[in-house]
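Novice: With the input below, show me the fold.
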Amino acid sequence: MTIAVLTLFVTGLLSFTTNLSETSFPKVTTPQDAPKFVVPDKVKAILDNSCLPCHGTEGNAKAKIKWNYDKTAGMKTHKMVSKLAKIVTKVEKGKMPPSKFESKYPDRKLSVADEKVLTEWANSLAESLAK
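Specialist: Residues are numbered from 1 along each chain as shown. All right, here's what the predicted structure looks like:
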């Protein structure tokens, strides 16, 4: 009886491991596998004008969301995707740049076209990283 149970157990285990080895698991994206943090010139110009005064290394204004542009490329993939999603949300809601900043620097206000370029870039990059 014990040999029969042991044989069934071993047969079941072998069957399970065979099925497991044939199963394809989704590839986990690591920062090394992720596409590079690419910023087209058009987006960089918008960031330079409207975002980096607060969110850049040389930024001297107070950043309302914790994001330093210069450190983005070195972030883990999931964190980068999260930051890009927050950028989209804040820009779409009209929270970035903040009204106080815009009133002080009206030339740094995002135009509707700038908002579209910035949010499309952030969404596209986040989607490519999340795959």
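Novice: hang on, residue 118 packs against residue 43?
Specialist: Yes. Using C-beta atoms under 8 Å, residue 118 makes contact with residue 43 at a distance of 6.4 Å. The C-beta positions use only the backbone N, C-alpha and C, and glycine is treated the same way.
Novice: more crowded one of the two?
Specialist: Shown here are residue 118 and residue 43; by other C-beta atoms under 10 Å, residue 118 has more neighbours (22 against 18).
Novice: Okay, and that one sits in which element?
Specialist: Residue 118 belongs to helix 112-130 when elements are defined using DSSP states H and E.
Novice: what's the burial count for residue 119?
Specialist: Residue 119: 18 surrounding residues under other C-beta under 10 Å.
Novice: Against residue 125, how distant is it?
Specialist: As judged by C-beta to C-beta, to the nearest Å, residue 119 and residue 125 stand 11 Å apart.
Novice: hmm, back to that, residues in contact with the helix holding residue 118: which ones?
Specialist: Helix 112-130 has contacts (C-beta atoms under 8 Å, 6 or more residues apart in numbering) with 29, 34-35, 37-40, 42-43, 46-47, 50, 77, 80-81, 84-85, 87-88, 91-92, 110.
Novice: for stretch 81-96, same thing?
Specialist: For stretch 81-96, the surrounding residues in contact (C-beta under 8 Å, 6+ apart) are 51, 64-65, 67, 72, 75, 110, 115, 118-119, 122-123, 125-126, 129-130.
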